[in-house]
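[1] Below are the sequence and a predicted model for it; my questions follow.
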Amino acid sequence: MPEGDTAFQAAASIAAAFTGKPLAYSQFRVPRYATVDLSGRTVLASRSIGKHVVVDVGDDWAIHTHMKMEGVWRVHPLGTRWTKPAHTARLVLRTDTHEAVGFDLGVCEMLRHPDEALSYLGPDLLGPTWNPELAVANLRRDRDRPIGLALLDQRLMAGVGNVYRCEACFLRGVHPHTGAGDVDLPAMVDLCHRLLVANKGRVRTTTGHARSRRYWVYGRGGRPCMRCGTAIVRSFLGTPDTTEERVLYHCPHCQPEPARSSLPSGS
């Protein structure tokens, strides 16, 4: 699942092959931008901002993409066979030597002044100006909001997705329904930062294993906890009137349930 580390890796791959080079070809497979041709423009930079990938192409314009749930970027030497079906490609960029293809991108657009357009995002966990104090202050603003929802709010802190919210809560021994005000927020923020930094240049893992045991709880519903043996619970966190309800994994033994009064309505 694409999260801040995935975006960082994608942006870095594009940067390594495209920065400073003119585009020989571009194709947006999105109706709104079907006639946009960036051929001749030089790629000035490629960077991630939270879970977004921004490719600067001059005159304050940038390609802005977000992978959402299923998206992926592939960068390879020109002429390499695509690893995903052609009909899922949303954007194709080429230089004289390399090709970058964005498949199943949830957002694919041109943005003017991208940093201004994305200024609503909270501190970027993998950004050059990462500010943990501001992230803590943002998370603390709504003390009653479940930490499992607060961690997904990109306006508070940018880069954590569903995998990291489940894993960080487990590693801190915090039930995801616990109100943010009852959580050691500096420690939680520091852990999220350390996890993303550790994984920005490798296949993601929170356990140290790179294969079948990559995660402590995520995707392991019904299987025994690797710490205590209790069956991992698969549930959902959110209420029917929100768009934030996402699948959730936690260990009921290692992450004790908070007092009933602090549970969100509908739990």
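    All right, it came through fine. Numbering: from 1, shown residues only.
[2] in which helix or strand would I find Cys169?
    helix 162-171 (DSSP states H and E).
[3] what packs against the helix or strand following that helix?
    Note on helix 162-171: by DSSP H and E, the next helix or strand toward the C-terminus is helix 185-199. Using 3 or more CB pairs under 8 Å, 6 or more residues apart in numbering; DSSP states H and E, the elements in contact with helix 185-199 are helix 4-18, helix 132-140, helix 162-171. The way it works is simple: take the backbone N, C-alpha and C, and place the C-beta from them, glycine included.
[4] quick check: angle from helix 185-199 to helix 132-140?
    Compare the direction of helix 185-199 with that of helix 132-140 by axes from the mean of the first three to the mean of the last three CA atoms, to 10 degrees and you get 120 degrees.
[5] which parts of helix 185-199 are buried?
    For helix 185-199, the neighbour count (16 or more other CB atoms under 10 Å) marks 185, 188-189, 191-193, 195-196, 199 as buried.
[6] Looking at these, which is nearest Gly148?
    Met188 (11.1 Å; CB to CB).
[7] doesn't Ala150 make contact with the closest one?
    No: with contact defined as CB atoms under 8 Å, Met188 does not reach Ala150; the gap is 9.4 Å.
[8] shared neighbours, the two?
    Common neighbours of Met188 and Ala150, using CB atoms under 8 Å, 6 or more residues apart in numbering, are Leu139.
[9] which ones are touching Trp216?
    Contact analysis of Trp216 by CB under 8 Å, 6+ apart lists 167, 170-171, 206-207, 225-227, 251.
[10] Could I have the ChimeraX command that selects the buried members from those?
    Selection command for ChimeraX covering only the buried members of those, criterion 16+ other CB under 10 Å:
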select :167,170,171,206,225,226,251
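[11] from the contacts of Trp216, which is closest to Ile14?
    The closest of the contacts of Trp216, once distances to Ile14 are taken by CB to CB, is Thr206, at 25.9 Å.
[12] Check for me that that closest one belongs to a helix.
    No: read with DSSP: H, G, I helix; E, B strand; the rest coil, Thr206 is coil and lies in no helix.
[13] Let's see the pLDDT reported for it.
    Per-residue pLDDT puts Thr206 at 96.
[14] same thing with Leu237?
    You'll see Leu237 listed with a pLDDT of 85.
[15] Gln9 too?
    For Gln9, pLDDT reads 98.
[16] List the buried residues in stretch 51-58.
    In stretch 51-58, counting by 16+ other CB under 10 Å, buried: 51-57.
[17] Between the residues you listed, which sits nearest Ala11?
    Nearest member of those to Ala11, counting by CB to CB, is Val53, at 4.9 Å.
[18] Next, the angle from the helix or strand harbouring the closest one to helix 4-18.
    Using DSSP H and E, Val53 maps to strand 52-58. Inter-element angle recorded for strand 52-58 and helix 4-18: 30 degrees (by the same axes, to 10 degrees).
[19] CA atoms only for strand 52-58, dumped as CSV, please.
    Extracted in CSV, the C-alpha atoms of strand 52-58 (Å, rounded to 0.1, in the frame of the first residue of the first chain):
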residue,chain,number,x,y,z
HIS,A,52,2.3,13.0,-3.1
VAL,A,53,4.9,12.9,-5.9
VAL,A,54,5.7,16.3,-7.5
VAL,A,55,7.8,16.6,-10.7
ASP,A,56,8.8,20.2,-11.4
VAL,A,57,8.9,21.0,-15.1
GLY,A,58,9.5,24.8,-15.1
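[20] Listing partners with orientation, what would you give for it?
    strand 45-49 (antiparallel), strand 61-66 (antiparallel) (DSSP bridges).
[21] What lies in contact with it?
    So strand 52-58 is contacted by 7, 10-11, 14, 18, 23, 38, 41-48, 62-67, 73, 93, 107, 111, 114, 118, 121 (CB under 8 Å, 6+ apart).
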